[in-house]
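*Asks:* Quick one, what's the 3D model for this:
(chains A and B)
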Number of protein chains: 2
Amino acid sequence: MAQKPSIPKGTRDFSPVEMARRNYIFDTIREAFRLFGYKQIETPAMENLSSLMGKYGEEGDKLLFKILNSGDFLKDVAPAELEERNPARLTCRICEKGLRYDLTVPFARFVVQHRNDLQLPFKRFQIQPVWRADRPQKGRYREFYQCDADVVGSDSLNNEIELLSLIDLVMDRLGIRTTIKINNRKVLAGIAQVIGAEDKIVDITVAIDKIDKIGLESVNAELRDKGLSEEAVSALEPLLTLSGTNDEKLARLATLLAASPEGMKGLDELREVLDGIAALDPKAEVELDVSLARGLNYYTGTIIEVKARDVEIGSITGGGRYDNLTGVFGMPGLSGVGISFGADRIYDVLNQLDLYPAEISAAVKVLFINFGEKEAASARRVIAALRRAGISAQLYPDAAKMKKQMNYANAEGVPYVALIGEEELASGTVTLKDMATGTQTRLTTAQLVETLKA
Amino acid sequence: MAQKPSIPKGTRDFSPVEMARRNYIFDTIREAFRLFGYKQIETPAMENLSSLMGKYGEEGDKLLFKILNSGDFLKDVAPAELEERNPARLTCRICEKGLRYDLTVPFARFVVQHRNDLQLPFKRFQIQPVWRADRPQKGRYREFYQCDADVVGSDSLNNEIELLSLIDLVMDRLGIRTTIKINNRKVLAGIAQVIGAEDKIVDITVAIDKIDKIGLESVNAELRDKGLSEEAVSALEPLLTLSGTNDEKLARLATLLAASPEGMKGLDELREVLDGIAALDPKAEVELDVSLARGLNYYTGTIIEVKARDVEIGSITGGGRYDNLTGVFGMPGLSGVGISFGADRIYDVLNQLDLYPAEISAAVKVLFINFGEKEAASARRVIAALRRAGISAQLYPDAAKMKKQMNYANAEGVPYVALIGEEELASGTVTLKDMATGTQTRLTTAQLVETLKA
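*Replies:* I've put the predicted structure just below:
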C-alpha cells in the first residue's frame, strides 16, 4: 500500500484556500437566490436510472454514471444475456440507479412527485454537484457544481425580467463585467419561416450558433451542406449581420419577420423583456443576439446566455424558457423558465481577474502561542471569550519551540498572534502582535475582544 | 411514462422548509468550525475503489456503492470469470470507483496525497454527504451528511479539550442539552489487563458498550459466553458500576487499575482532558463513562460520545483519538483526533423539541401583488431597491385575481404584502400590509426599506 493514493480522473480535491474562494461564490449566488424569493431544495445524488435514461439523448445515456446493484447483481441475468456481452443491455440488468447528470431532470421529477404539496408558481433553487462521464479536459470535470434557479407554473415574462435582474445582481456583487445575450426561440422559428426553410430550423440554429467561433463564411458553407438553397442562405445573411442598438435590431427584425406571426410574437416577447430589464438600470450590457440558440430542442421562448467581458471563456451562465419540463414524467403543460450559473467557470474568471475580496481567508484571526500547560489553560479561557464574541481563534496545540509556532503563524497567514507568558499570566493580560506591522500591545481580555472585533 | 416517478429507497428529497432547517444546523456547525480554526476541504463523491475497499471491514466492502466502468465494461473480463458469477470478484473487474462511505478515509487519502502542501498540525473540517448500501430503516438513510472536524499531526491533549469545547458551543447554540461521555482506550486496555483477560479486550468492550441497552446481567452472560472466567466477570463488575462525580470515579479507577501502567496512563489523560474542559464552564454535562467503547479497533486514546438529554435517540456526535490514520496509505505514525456531528440525528432532535428560531423561514419578507403591466414595472423598481438593501422580496409573476395572490401569500407564510395600485402609482408610494396584524400603511420607497429592515 506504499503507492501514493490518487482520485478518479476528472475529479478534484479542494484545499482550504480553494474552499474559501468557492464558498464566496456559492454564498453570493445563494444570497441572491434568497433575495429574489427562490426557495432551496435538494435531491438525492442517486436517481433511478428510469428517471434519467433517455432524457439527455443517446450520448447522454452513455455519459451517465451507473451504480452497480448491491448483492448478487447477476442473480436474475440469464446465461444468454451474459454471453451476449452487450454493455448497454447488460447495464440495464445490473444497474438500477445512476448519479444525477444535471439539476433539471431531478427538478422535473421532484415537481411531479410532490405536485400535491407544491404551491404554484414554484420558484426553486438548487446548488448541488452533478456527474458526467465526459472525457476530462481543461475546465471540464466529471464532478462539478450547478447552481440553478427556475420558476414553474407561470407564463409571465416578469419571470424572465427577474432572472436577468438576478444575473445582474450576482455578477455585480462578484465584480464580473458581463454581457447578457438574449434571444427567443420563436424568432428563430420565424427566421426559418421567412427564408422558406421551416423544416431546417434545427440545422439553421446549430449552424448560426457557431458564428462567433467560425465566422459567417463557414456558417454559410455549413448551411449549404445541410441542403439550404442559395436563396435561403442569402435571405438569412441580413438577419445574422444585424448591428446597432437593441431597438434598432428590433425595428429591423420587425420588417424582416413581418410575414411570420410566430416570429412577430417572439419579437414582442423580446421587446417586453428588454424594456423591463432596461428600466432597472442593469450594470450588465444586455444584447439582443439572434444567433444565440443554446439547446434549441429544449427551449421554447426566451434564451439567455452570459459572457464575461474581460476573460476569454465560454458562457458563464445560461438558461431560458421551456414549455414542457415535466411532460416526460406524465405531467404535461407545465411551463417554466430558469437559469444555471456555471460555478466552475465563474471560479476561473474570478481567479484570472483576481477579484476576491481581501478578507477571504481560510486562517483564524488570531493564533495563541503555546508556552506550556499553565499558560495554555489561561489561553483557552481567553480564546473561549473571543469565540463567544464571534472572533475565530486557536491555540497552537503543542508547546513547541517559539520559532516553530511563529513559522506556522506566518505560513497560515494569521493576521494576529497572541502571547500569554509568565508576565501576562501574572498580570492577567495578553500581548497581541499585529503580524503585518509587527506592533505589540499588552491588553486585557476585554480590550483584546474590542481590538479584534474592530 | 405516466407512472409517478420516485427516488431510490433510503434517499430523500428536501423541501424548502426542510432545507431552511437543515441549513440552520449546517451553518451553526460550520460557523463553530471556523471559530475554532478548522479549515474546510472537499473531496470527490467518487473515490477509487482501491482507496475504499478493506477500510471498513468485510461488511463495509459490501455496503459500498460501486460505479460501473464506462463504455464496454466487460472488455477485459474472460468468459470463465463471467461464468463463475462471483459477485465480489466480478465487481472488482467491472468497477474501479465507489461512492465515499465516510469522510475519514477520504481525509486520510487527502492528507497523504497532499502531504507536501500541508502545514502540520492540520485542522480540517468537511461537511459532505456519504453513501452506504445499508438496509434502509427509520432514521437510517443510504445518503446522509457527515460533519467532521479533525486535527492531525499533534499528540497534545489540548486538541481533545478543544473538540469538547467545540461540541459544547455547537450544542449550546442549537439549544440542545447534552451529556458528553468520555473514556480512553488505554483505560479499557487496563481493565482487561487487571481482570486477567488482556486477550479478550475486544469481546469485553463490545459487551460492556451495550450495558445501557441490555443491562449488567446480560453483559455478564455475554462475557461468560465469550469465555471470560467467573473471576474475571466478578472483577469487572465494580468497574462497570462506578458512580459518583468524575473525580470520584477517577479516584476509584486509580485504585482498581494501579497494577496496569497503560490503564494509569489512560487515567492521566482522562484527568487532564476533564480538568481542561471543566475550567471552561461548559453548558454540557461531561461524564466519564468506562463502558463507552465506540469502534475500539480504531480509537487509541480518548473516546467521545454525545447524547441529547431530552430525547430518546442514539448518540448525536462522536469521535476520538486514533494513532494511525494514514498508515493504510503508506504514511505511518500520524496521530489525530476528531469528531463527527450526526446532522440527521441532530435534525431529528431539533424537530422533536421544536428548537428552531422563529426567523427560520423559506419565504420572502414581502410579496408584491401584481395589478398589471404598469404597476408591475413600478413594483420591480421598488423591489430592486429592497434587494439592494438586503431585503428579500418578489413580485407575484402573473396579474392574477387578488384573492389568488393573497392565498399564495398566506400559504407561503409571507410576513408582509405590498400593493402598488393606481393610487400608489400616482403618488409614488407603496401600501404595506402586515400579514400578522392586518395593519396597512402607506409608505415611500425609502420608508418601506426602513420599515422592513427593522
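*Asks:* what residues does the stretch 201-350 of chain A put near chain B?
*Replies:* Selection of the stretch 201-350 of chain A residues close to chain B by CB under 8 Å from any CB of the partner chain yields A:G276, A:A279, A:L280, A:V328, A:F329, A:G330. (Each C-beta comes from the backbone N, C-alpha and C, glycine too.)
*Asks:* Kindly write the PyMOL command that selects the buried subset of these.
*Replies:* Remark: buried members of these, expressed as a PyMOL selection using 16 or more other CB atoms under 10 Å in any protein chain shown:
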select buried, chain A and resi 276+280+328+329
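*Asks:* what's the farthest-apart pair in the residues of the stretch 201-350 of chain A next to chain B?
*Replies:* A:A279 and A:G330 (39.8 Å; CB to CB).
*Asks:* chain center to the top helix by length along chain A, what's the gap?
*Replies:* Counting residues, the longest helix in chain A under DSSP state H turns out to be helix A:16-35. Relative to its chain's centre, helix A:16-35 lies at 11 Å (CA atoms, centre = their mean, to the nearest Å).
*Asks:* That one: which residues count as buried?
*Replies:* Those would be A:16, A:18-26, A:28-30, A:32-35, for helix A:16-35 by 16+ other CB under 10 Å.
*Asks:* ditto for stretch A:400-419
*Replies:* A:A400, A:Q405, A:M406, A:Y408, A:A409, A:E412, A:V414, A:P415, A:Y416, A:V417, A:A418, A:L419.
*Asks:* again, but for stretch A:165-185
*Replies:* Those would be A:165-172, A:174, A:176, A:178, A:180-185, for stretch A:165-185 by 16+ other CB under 10 Å.
*Asks:* from the chain's centre, how far out does that stretch sit?
*Replies:* Per CA atoms, centre = their mean, the centroid offset for stretch A:165-185 relative to its chain is 13 Å.
*Asks:* what's the average pLDDT for it?
*Replies:* Averaged across stretch A:165-185, pLDDT comes to 97.
*Asks:* and it, does that touch chain B?
*Replies:* Yes: where contact is defined by CB under 8 Å from any CB, part of stretch A:165-185 touches chain B, namely A:S165, A:L169.
*Asks:* Straight-line length of that stretch, end to end?
*Replies:* Start to finish, the residues bounding stretch A:165-185 are 21 Å apart (CA to CA, to the nearest Å).
*Asks:* which helices and strands sit right next to the helix or strand that comes right after the longest helix of chain A?
*Replies:* Using DSSP states H and E, the helix or strand that follows helix A:16-35 towards the C-terminus is strand A:39-40. In terms of contacts (3 or more CB pairs under 8 Å, 6 or more residues apart in numbering or on different chains; DSSP states H and E), strand A:39-40 is packed against strand A:122-131, helix B:16-35.
*Asks:* Secondary structure and pLDDT added to the residues of the stretch 201-350 of chain A next to chain B, as CSV?
*Replies:* Shown next, in CSV, are these (DSSP: H, G, I helix; E, B strand; the rest coil; pLDDT from 0 to 100):
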residue, secondary structure, pLDDT
A:G276, helix, 97
A:A279, coil, 97
A:L280, coil, 97
A:V328, helix, 87
A:F329, helix, 92
A:G330, coil, 90
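*Asks:* all helices in the stretch 351-454 of chain A, in order from the N-terminus.
*Replies:* Remark: helices assigned in the stretch 351-454 of chain A by DSSP state H, counting those that start in this stretch are A:373-388, A:402-412, A:422-427, A:445-453.
*Asks:* Out of the ones you listed, which is the most enclosed?
*Replies:* Per residue and on average, the most neighbours among those fall to helix A:373-388, with a mean of 19 (mean count of other CB atoms under 10 Å in any protein chain shown).
*Asks:* Are that one and chain B in contact anywhere?
*Replies:* Yes: Helix A:373-388 reaches chain B (CB under 8 Å from any CB) through A:A376, A:A377, A:R380, A:R381, A:A384, A:R387.
*Asks:* How about the stretch 251-400 of chain A: which residue is closest to chain B?
*Replies:* Nearest to chain B, among the residues of the stretch 251-400 of chain A, is A:Q394, at 3.3 Å (CB to the nearest CB).
*Asks:* For beta bridges, what are the partners of that residue?
*Replies:* A:L367 (DSSP bridges).
*Asks:* ok, A:V17 - contacts?
*Replies:* Applying CB atoms under 8 Å, 6 or more residues apart in numbering or on different chains, we find A:V17 in contact with A:A362.
*Asks:* State the pLDDT value of it.
*Replies:* Note for A:V17: predicted pLDDT of 94.
*Asks:* What separation is there between it and B:E143?
*Replies:* Distance, A:V17 to B:E143, by CB to CB, to the nearest Å: 28 Å.
*Asks:* thinking again about what came up before, okay, angle between the longest helix of chain A and helix A:402-412 too, please.
*Replies:* On the basis of axes from the mean of the first three to the mean of the last three CA atoms, to 10 degrees, helix A:16-35 is oriented at 40 degrees to helix A:402-412.
*Asks:* quick one, helices of the stretch 51-200 of chain A?
*Replies:* A:57-63, A:79-84, A:87-94, A:104-113, A:158-174, A:185-194.
*Asks:* Distance from the fifth one to the middle of the chain?
*Replies:* Read it as helix A:158-174. On the basis of CA atoms, centre = their mean, helix A:158-174 sits 14 Å off its chain's mean C-alpha point.
*Asks:* Likewise for the second one?
*Replies:* Averaged C-alpha coordinates place helix A:79-84 at 43 Å from its chain's average position (CA atoms, centre = their mean).
*Asks:* And the last one, by the same measure?
*Replies:* Between the centre of helix A:185-194 and the centre of its chain there are 30 Å (CA atoms, centre = their mean).
*Asks:* right, and the helix or strand after it?
*Replies:* Tracing the chain past helix A:185-194, the next element assigned as helix or strand by DSSP H and E is helix A:201-208.
*Asks:* which other helices and strands contact that following helix?
*Replies:* By 3+ CB pairs under 8 Å, 6+ apart, helix A:201-208 packs against helix A:185-194, helix A:211-225, helix A:230-240.
*Asks:* So the residue of the stretch 251-400 of chain A closest to chain B versus A:E412, what's the distance?
*Replies:* 10 Å.
*Asks:* joint contacts of these two?
*Replies:* Joint contacts of A:Q394 and A:E412 (CB under 8 Å, 6+ apart) are A:V364, A:L367.
*Asks:* contacting residues for A:L452?
*Replies:* Counting by CB under 8 Å, 6+ apart, A:L452 has contacts A:K365, A:V366, A:L386, A:A389, A:I391, A:Y416, A:L432.
*Asks:* Kindly recompute the last result at 6 Å.
*Replies:* The contact partners of A:L452, by CB atoms under 6 Å, 6 or more residues apart in numbering or on different chains, come to A:K365, A:I391.
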